[in-house]
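K.L.:
have a look; sequence and predicted model below, questions after that.
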Amino acid sequence: MKEKGLSVKSVVAIGIGTAIYVILARFTSIPTGIPNTNIEIVYPFLALIATIYGPVVGFSVGFIGHTLSDFLMYGQTWWNWVLATAVLGLIIGLYGMRLDLEHGAFNGKQIVMFNVVQLIANLLSWDLIAPVGDILIYSEPANKVFLQGITATITNFLAIMILGTILLKAYAATKVKKGSLHKD
């Protein structure tokens, strides 16, 4: 009989991933000069964990991690930005299901497609969900929040493209390539 719900592996990944997310969000943010918008090293980590463990873990780590880090750093939570982060983790996790990192596969074509998918996820998250939520929920001025969103899209895309790709390539390199073992 197959049980429904999250596996122990997924629950542990969510717990550890959330803890690492909060630490990275707290100590590795680099200000951009745009209010409340930073270069975030946490997003390449989110891309890594979402790609390895899937969309549910990616969504959960993004949602819980962003919620906790907002509350700890600012004393309140911006729910639309939390949702944007969760959606980013979800979309990257969905694409990650198509990859075979466990068998050491992460080649040029996969790297390009990964970065196309993460660009789309960043555009949806930071140029739609976050700024529209700021306007509808918090009555923020559109020019301010779309500038923040565009800045977040660019910086998060570049961070994931550079660091996320390196992390995923390094992770795949630690795995035994499919068909590489031969009987002598």
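P.N.:
In hand now; what should we look at?
K.L.:
switch to C-alpha atoms for all contacts and neighbour counts from now on
P.N.:
OK.
K.L.:
list the contacts for the spatially most central residue of the chain?
P.N.:
Geometric centre of the chain, nearest residue: Leu46, 3.4 Å, by CA atoms, centre = their mean. By CA atoms under 8 Å, 6 or more residues apart in numbering, the contact set of Leu46 is 17, 21, 58, 61-62, 89.
K.L.:
go again with 10 Å.
P.N.:
By CA atoms under 10 Å, 6 or more residues apart in numbering, the contact set of Leu46 is 17-18, 20-21, 52, 57-59, 61-62, 65, 85-86, 88-90, 92-93, 160, 164.
K.L.:
got a pLDDT number for it?
P.N.:
In this prediction, Leu46 carries a pLDDT score of 98.
K.L.:
let the chain start at 3 from now.
P.N.:
Taking 3 as the first residue, the last one we looked at is Leu48.
K.L.:
now it: phi and psi?
P.N.:
The phi and psi values for Leu48, taken as degrees, to the nearest 10, are phi -60, psi -40.
K.L.:
for stretch 66-75, give the mean pLDDT please.
P.N.:
Mean pLDDT, computed over stretch 66-75, is 96.
K.L.:
sorry, back to before: now, the contacts of Leu48 that are in helices?
P.N.:
19-20, 22-23, 54, 59-61, 63-64, 67, 87-88, 90-92, 94-95 (DSSP state H).
K.L.:
can you give me the strands in this protein?
P.N.:
Applying DSSP state E to the chain gives strands spanning 32-33, 40-41.
K.L.:
who's in contact with the first one?
P.N.:
Defining contact as CA under 10 Å, 6+ apart, one finds that strand 32-33 is touched by 39-43.
K.L.:
let me know the closest of the residues you listed to Leu8.
P.N.:
If you rank those by distance to Leu8 using CA to CA, Ile43 comes first, at 27.3 Å.
K.L.:
return the backbone torsion pair for the residue nearest to that closest one when sequence neighbours are not counted.
P.N.:
Spatially, and ignoring its direct neighbours in sequence, Ile43 is nearest to Thr30 (5.9 Å; CA to CA, 6 or more residues apart in numbering). Torsion angles at Thr30 (phi, psi; degrees, to the nearest 10) stand at phi -120, psi 10.
K.L.:
and Thr30, how many neighbours?
P.N.:
By other CA atoms under 10 Å, 13 other residues sit near Thr30.
K.L.:
model confidence score at it, please.
P.N.:
For Thr30, pLDDT reads 95.
K.L.:
isn't Ala154 up against Thr39?
P.N.:
Yes. Using CA atoms under 10 Å, Ala154 is in contact with Thr39, at 6.4 Å.
K.L.:
who's more crowded, these two?
P.N.:
Ala154 (25 against 19).
K.L.:
circling back to that earlier point, which ones are touching the residue nearest to Ile43?
P.N.:
40-44.
K.L.:
quick one: the helices in this structure?
P.N.:
10-29, 44-55, 57-76, 81-98, 110-126, 132-140, 144-161, 167-175.
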